[in-house]
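mind looking at a prediction? Sequence and model below.
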Amino acid sequence: MTQLEAVMAKVRAENRAALIAYLPAGYPTADGAIECIAAMVAGGVDIVEIGFPYSDPVMDGPTIQ
């Protein structure tokens, strides 16, 4: 079983949705991103998604642009 499968099995067993946090890779800086990820995990997120910005910022939407 992968880690993702294990997390999904856990949240299903708890009859709840998974809390998934998103962070663009390297935002706000490489070290800052690591700190943000640690804070998200400490805050209780189940899964952290790290995204890589698309070459066309318009595709990422106004918040990430």
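Nice, I can see it.

which residues of this structure fall in helices?
Secondary structure of the chain, counting by DSSP state H: helices at 3-13, 30-42.

tell me, how many residues neighbour residue 3?
By other CB atoms under 10 Å, 8 other residues sit near residue 3. All C-beta atoms are positioned from the backbone trio N, CA, C, and that covers glycine.

correction: residue 26
Using other CB under 10 Å, the number of residues around residue 26 comes to 14.

what's the closest non-adjacent residue to it?
Nearest residue to residue 26 in three dimensions, chain neighbours excluded: residue 33, at 5.5 Å (CB to CB, 6 or more residues apart in numbering).

show me what contacts the closest residue to residue 4 other than its chain neighbours?
Closest residue in space to residue 4, ignoring its immediate chain neighbours: residue 47 at 7.2 Å, by CB to CB, 6+ apart. Neighbour list for residue 47: 4, 7, 18, 19, 20, 21 [criterion: CB atoms under 8 Å, 6 or more residues apart in numbering].

circling back: the residue nearest to residue 26 against residue 22, yeah?
No: contact between residue 33 and residue 22 fails when scored by CB atoms under 8 Å: they sit 11.8 Å apart.

quick one: common contacting residues for the two?
Common neighbours of residue 33 and residue 22, using CB under 8 Å, 6+ apart, are residue 50.

which of those two has more neighbours?
Counted by other CB under 10 Å, residue 33 and residue 22 do not tie: residue 33 has more neighbours, with 16 against 12.

for stretch 32-42, list every residue counted as buried.
Judged by neighbour count using 16 or more other CB atoms under 10 Å, the buried positions of stretch 32-42 are 33, 36, 40.

what does stretch 18-27 give?
Within stretch 18-27, judged by 16+ other CB under 10 Å, the buried ones are 21, 23.

now the end-to-end length of that stretch.
For stretch 18-27, the first-to-last residue distance is 23 Å (CA to CA, to the nearest Å).
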